[in-house]
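# Need a 3D model of the following:
(2 chains)
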Amino acid sequence: MRDSHPTLKRRDWLKLSAAGLLSGVTVPWFESLAAAAIKRPRGKSCILLWMDGGPSQQHTFDPKTHGEFAPKPTSVPGIHIVEHLPQLAQSMDDLAIVRSMTTEINGHYDAKYFLHTGHKRTTAFEHPAIGCIASSQVGLPDDDMPAFVTIDAGFDRPDGGRLYRSVPAYLGPEHAPLAVNDPADGLENLTPTGDDIDARLKLLAGSERRFAQKFTLPAVGAKQAAFHRAVRLMRSKRSRAFRLDEEPASLRAEYGSHKFGQSCLLARRLVEAGVSFVEIVHRGWDDHGGAAKPIAYRAPWMDAGMAALIRDLKIRGMLDDTLIVWMGEFGRTPGDGNGHFSKAWSTVWAGGGIQTGQVIGKTTEGPKSPGADIVDRPVTAPDFIGTLCLALGIDIHQEFLTPAKRPVPLVDKAAKPVQELLG
Amino acid sequence: MKTCRTCFCSQSLFAALLYLIVAFPQSARSEAPPYRPPKNAEEAVERIEELGGAVRLLKRGSTDFEVDFRFASGELNDEHLKYVAALKNVAVLRLKRTSITDAGLAHVADVSTLRRLDLEETAVTDTGLKHLARLAKLQWLNLYDTGVSDAGLPHLKGLSNLTRLFVGETKVTEAGVRELKKATPKVRVVPDRAEARRRAKLVVEVAKKLLAEAEKQFADADREFKELDPRKDELKKKEDAAKKHFDEAKAKADELGKKKDEVAKKHEAAEKAAAEARKLSEAKPDDENLKKQAVESQSAADEAGKQSDEAKKQNEDSQKQFDTARTEFDAAKALHGRANGAKKKQELAQRILDASRMRLADTQRKLTALSE
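Residues are numbered from 1 along each chain as shown, chains lettered A, B, ... in the order given. Here you go, the predicted structure:
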């Protein structure tokens, strides 16, 4: 009767981590049979397409008439993007472009921090990243699958500054992301080696209990919690979501053989399996030396992956429940895209029930330096994070306490979410 | 279950099994508990959670619920759906990938408040759809990857609130959809294959155009690479020589410019002196000495004028030579620069060409798939 033993032991060591090291720990769901509480609203899932380094807006979604890439018509009359993204152009009715992002910070790391958290970086404490916020606020509580997953979608060139890593900060270590290094490989070390996993776990539980009693530090509880979640994921049927080889070859081809496309396909699978926030990171958009040629060779795989994702979600009826956001930490200098440019740049939104088929905000036209400034509807980093939170169903007016007991709003109080997107 | 000789043995075996089923309902290999009519809504929620389902508020501040069986751990059977009918205000029911069948839809139809029903990847067929006709409030029906076909769609004709219908990966055809839309014109059906084909054609056209451009640019870059790259060293020597020549021409032009200015100054001074002398002479017309001095002054001034003209001409010539040298130097530098950059340019053009080829192949394949 081997079936009974794993659950008994699972109860034991789950109780261990529940024994009080972590604040706000959740009770294993099979122990809440009698509780029968109605759960909080599910909110939406989010797939964030992070183009690290700062993609040039004039070579993608905000081309200018006499620029290096001419504006070309899309499936929505009046909206033009570059010719190099033809699939996305034909999906424009499912997209919304915000062209008036204006975010002050031109340095890579600080800008990445600002756009991931909605707060300026300070030495006093850390703010949680949007993926961790989603995990905490709309993630499935106490689930087999992690609520937040990051996927490495490859690497183009060595510039772009230090990579930003999402931290949960005061939301709790259980909201840190799970990282996938290569979508084709899925999750490494998912199957335990050997038959004695239960015996080994029992041994570990004993020593962990003794260690935890001796050293009552948050880091200890965090590490143990992370380990237990990993074991739980290993035992779950839903971990098959990490296996791309279960998808038909024709669909994998449609997303494109580039890591980015395969990451998008993996993201769809993860969202289906209950993950709330997937962040796909492609590094290398920091095109000092001109954006035209690099974007000409990146556009095909970016177009294929992102458009295939939107089409695939749509045909499965998942698009309304899944928000997609395409962005970097800033844009690039108008004209050749040679330098960083945070004054006037673009983000692109799809799904999640937002109002698509529109452009929000404008940048200046010619004849002198087109795109050098925004014309209207400024969208700052707090505005952006506030909009994203609202779109996912997160209450932006909450406050949290830092470790030093200082109250911090989830979203800056001055933030003005983009209502035109939210409808 | 093997029955033993003694009552006691079979009883304990039964008890053990019962213990397992009741105490560990979530174990992957055991069966889900059978349906027991719930006493009230709270108990129905408990039973649903026992099965791995979730009952959620639809939105903050709303009184509508969603019942979500997508991550149900046990095998969900048709009878279990009766729990949903025991709840009030259920607006959304998610049954994606569950093991329910057409018979289960009879119980779903009792959930009169249902606005959204997700049946993707279930064993539902045309027969099951007839139950759904009772769901007067239904707005959204997802039948992606189920066993439905054109024959089942007429059952949906009475659903006047239906605005979204998903029939991807089913045997439903464009003809079946057209027929349904006659009765329910408001409904948007996904996918719209005709529209998808039209857009895919446009995409292929653009991919062809961009490929043609990429091919031309690669041809240019490749030609330049083959012509100039082998000549890199030669062109560097030429640039260095042109620079030397340019530096020399500049130095000469500067030198002659200075000389021209000096000589012009001398001429100006000489003319001034001549004018002075003439004035003095005219004041005393009978003075032969003054007359002689005036004449000498004037011829000195004329001589200085000639030298000034000569220096001006030399300066002009040197300026022209300097301009020529500069133009030649710029050209040599540019050519050498092109030669240096030809390899990188060709590699970039190759990357763009490869990506463009792949784009055309991929988008053509998609169009073909849509046209089948």
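# how about the longest helix that chain B contains, does it reach chain A?
With DSSP state H setting the assignment, residue counts place helix B:288-371 as the longest helix in chain B. Yes: looking at helix B:288-371 against chain A by C-beta under 8 Å from any C-beta of the partner chain, the contacts come from B:348, B:351-352, B:354-356, B:358-359, B:362-363, B:365-366, B:369. All C-beta spots, glycine's among them, are computed from the backbone N, C-alpha and C.
# Just the buried ones from those residues?
B:Leu348, B:Arg351, B:Ile352, B:Ala355, B:Ser356, B:Met358, B:Arg359, B:Asp362, B:Thr363, B:Lys366 (16 or more other C-beta atoms under 10 Å in any protein chain shown).
# now check stretch A:263-277, is it near chain B?
Yes: residues of stretch A:263-277 contacting chain B under C-beta under 8 Å from any C-beta: A:Gly274.
# then that stretch to PDB, C-alphas only?
The C-alpha coordinates for stretch A:263-277 follow below in PDB (Å, rounded to 0.1, in the frame of the first residue of the first chain):
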ATOM      1  CA  SER A 263       9.300  30.700 -24.600                       C
ATOM      2  CA  CYS A 264       6.000  32.200 -25.700                       C
ATOM      3  CA  LEU A 265       4.600  28.700 -26.300                       C
ATOM      4  CA  LEU A 266       5.900  27.500 -22.900                       C
ATOM      5  CA  ALA A 267       4.300  30.600 -21.300                       C
ATOM      6  CA  ARG A 268       0.900  29.600 -22.700                       C
ATOM      7  CA  ARG A 269       1.200  26.100 -21.300                       C
ATOM      8  CA  LEU A 270       2.300  27.500 -17.900                       C
ATOM      9  CA  VAL A 271      -0.700  29.900 -17.800                       C
ATOM     10  CA  GLU A 272      -3.000  27.000 -18.600                       C
ATOM     11  CA  ALA A 273      -1.500  25.100 -15.700                       C
ATOM     12  CA  GLY A 274      -2.300  27.900 -13.300                       C
ATOM     13  CA  VAL A 275       0.800  30.100 -13.300                       C
ATOM     14  CA  SER A 276      -0.300  33.700 -12.800                       C
ATOM     15  CA  PHE A 277       2.700  35.600 -14.100                       C
END
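# gap between that stretch and the chain center?
Here stretch A:263-277 shows a centroid-to-chain-centroid distance of 11 Å under the convention C-alpha atoms, centre = their mean, to the nearest Å.
# Equivalent analysis for stretch A:63-75, please.
Between the centre of stretch A:63-75 and the centre of its chain there are 29 Å (C-alpha atoms, centre = their mean).
# tell me the average confidence for that stretch?
Predicted confidence along stretch A:63-75 averages 97 (mean pLDDT).
# Endpoint to endpoint, it covers what distance?
16 Å (C-alpha to C-alpha, to the nearest Å).
# Touching it from outside, list them.
A:58-59, A:79-84, A:88-93, A:291-292, A:295, A:334-337, A:365-366, A:370-371, B:199, B:206 (C-beta atoms under 8 Å, 6 or more residues apart in numbering or on different chains).
# burial count for B:Glu213?
Neighbour count for B:Glu213, taken as other C-beta atoms under 10 Å in any protein chain shown: 15.
# what's near enough to touch the nearest residue to it once chain neighbours are set aside?
Nearest residue to B:Glu213, sequence neighbours excluded (C-beta to C-beta, 6 or more residues apart in numbering or on different chains): B:Ser356, at 8.0 Å. Counting by C-beta under 8 Å, 6+ apart, B:Ser356 touches A:Pro300, B:Ala207, B:Leu210, B:Leu211, B:Glu213, B:Ala214, B:Glu215.
# Can I get those residues in CSV including pLDDT and distance to B:Val190?
Putting the contacts of B:Ser356 into CSV (pLDDT from 0 to 100; distance: C-beta to C-beta, whole Å) gives the following:
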residue, pLDDT, distance to B:Val190
A:Pro300, 96, 26
B:Ala207, 98, 25
B:Leu210, 98, 29
B:Leu211, 98, 31
B:Glu213, 97, 34
B:Ala214, 98, 34
B:Glu215, 98, 37
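# Most neighbours among those residues, which one is it?
A:Pro300 (28 neighbours).
# hmm, the strand or helix carrying it touching chain B?
Per DSSP states H and E, A:Pro300 falls inside helix A:292-315. Yes: for helix A:292-315 and chain B, the contact criterion (C-beta under 8 Å from any C-beta) is met by A:Lys293, A:Pro294, A:Ala296, A:Tyr297, A:Arg298, A:Ala299, A:Pro300, A:Trp301, A:Asp303, A:Ala304, A:Lys314, A:Ile315.
# Please enumerate the helices of the chain.
As the question left the chain open, I've gone with chain A. Using DSSP H, the helices of chain A run over residues A:4-18, A:86-89, A:108-117, A:130-138, A:197-214, A:218-235, A:249-255, A:259-272, A:292-315, A:381-392, A:419-422.
# could you do chain B instead?
B:7-23, B:41-50, B:82-85, B:102-108, B:126-132, B:174-183, B:193-228, B:232-283, B:288-371.
# buried ones in the second one?
Read it as helix B:41-50. For helix B:41-50, burial by neighbour count (16+ other C-beta under 10 Å) applies to B:Ala44, B:Val45, B:Glu46, B:Arg47, B:Ile48, B:Glu49, B:Glu50.
# burial measure for B:Leu360, as a count.
Using other C-beta under 10 Å, B:Leu360 is surrounded by 20 other residues.
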